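1. Mind folding the following:
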Amino acid sequence: MEEKGKSGAIRLTNKTAIALRRNAGKVRRAWLAFGAVLTVALAALAVYLGMRHLVAVPITVAVTVLADAAIGLHARSCYLRLIGQAICTEAAAREMRERRSEGARLRQAARDLMDMKQDALSGETPRMAVKEQSDVLGVGAKPAAHRRRRQAGLTVVKGEQVP
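-> Predicted coordinates:
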């Protein structure tokens with residue numbers, strides 16, 4: 001159902017979904033930049049504390065590693081959450097487009113049905129109506145081509161179910 005490009009990413013067509021994907025990248029980069037700045041600051045703190053107490057260096061390095069891991073996990077979590085929202089937004093937009101086109105098909109089928117009912121109630125066939133029109137206009141009666149009505153058969157497919 002979703003189209004995938006060469007990179008395996010889902011192609012987004014909805015403007016909101018595209019904006020969410022861009023925002024997800026920005027949020028991830030911001031968190032990773034924050035992690036880099038924090039790492040440099042904690043490294044400087046380790047050097048400063050190392051001059052006073054040598055035991056503070058491994059503790060500061062361990063805190064730095066844990067902080068980097070936590071920030072990295074949080075950045076990935078935020079990124080995936082926003083990408084998930086983008087995918088859901090795209091799916092909702094596609095479903096709304098499908099419903100809109102399905103509604104148009106249903107309205108057209110209802111119009112066709114009403115036209116067929118009118119034809120049946122008036123007792124005329126399309127050929128008779130064309131013949132009467134040509135007689136009124138004074139044009140020689142030519143056999144009219146048989147006009148077919150559109151068939152109103154609809155099949156609703158949900159998900160990946162195929163009838």
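2. where exactly do the helices run in the protein?
-> 15-52, 56-122, 126-137 (DSSP state H).
3. can you redo the ones you listed as CSV with mean neighbour count and mean pLDDT?
-> For every residue, glycine as well, the C-beta is placed using N, CA and C. Formatted as CSV, the entries for the helices of the chain read as follows, by neighbours: other CB atoms under 10 Å; pLDDT from 0 to 100:
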stretch, mean neighbour count, mean pLDDT
helix 15-52, 14, 92
helix 56-122, 13, 88
helix 126-137, 13, 51
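4. what comes into contact with stretch 59-71?
-> W31, L32, F34, G35, L38, T39, L42, A43, L45, A46, L49, G50 (CB atoms under 8 Å, 6 or more residues apart in numbering).
5. Let me have these in CSV, extended by distance to A91.
-> Written out in CSV, the entries for the contacts of stretch 59-71 read as follows (distance: CB to CB, whole Å):
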residue, distance to A91
W31, 26
L32, 28
F34, 32
G35, 32
L38, 37
T39, 38
L42, 42
A43, 44
L45, 47
A46, 48
L49, 52
G50, 53
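6. Pick the one among those closest to G103.
-> Minimum separation from G103 among the contacts of stretch 59-71 (CB to CB) is found for W31, which lies at 43.0 Å.
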